[in-house]
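S.K.: no FASTA, just this:
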């Protein structure tokens, strides 16, 4: 997290010299790139430190008789742009989930207790970092900022 603060201090001074419309455009570009990076990391089923997600608990995958469902990766729909929103304006960049999906993501992000469905018992979910900064993300932000400033 200290790398993020150092980047913020360094970039803050440079960003104040840019006009607000150009800052907004830059923030949107960075937000979209960060969202793409987060989507790729979730698709690869990796935490921000590079470790694999804790696998799902084994369960009976037979639905109707004679039909076996295939194993599906976690967060298949969460990583889509309709759920993972990227916003940027002249003052901030944000990538996150909205609505009911944010609750599901928060439970997995921090390893909280939740119910899988109504009437089911509470279950403690393993921690899986759905959102998080990697070193590559910090470099992406720095490189995008430098590219914008040199144009």
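M.R.: Now that the structure is in, tell me what you want to look at. Bear in mind that the values here come from a model prediction, so they are computed numbers and not experimental data. Residues are numbered from 1 along each chain as shown.
S.K.: How about the most centrally placed residue in the chain, nearest residue that isn't a chain neighbour?
M.R.: Centroid check for the chain by C-alpha atoms, centre = their mean gives residue 131 as the closest residue, at 3.1 Å. Spatial nearest neighbour of residue 131, excluding adjacent residues (C-beta to C-beta, 6 or more residues apart in numbering): residue 38 at 6.0 Å. In this view, the C-beta of every residue, glycine as well, is placed from N, C-alpha and C.
S.K.: so what's that neighbour up against?
M.R.: 79, 84, 95, 130-131 (C-beta atoms under 8 Å, 6 or more residues apart in numbering).
S.K.: Which residue lies closest in space to residue 111, excluding its sequence neighbours?
M.R.: That would be residue 127: by C-beta to C-beta, 6+ apart, it lies 3.3 Å from residue 111.
S.K.: how many neighbours does that neighbour have?
M.R.: When neighbours are counted by other C-beta atoms under 10 Å, residue 127 registers 15.
S.K.: quick one: it from residue 47, how far?
M.R.: 8 Å (C-beta to C-beta, to the nearest Å).
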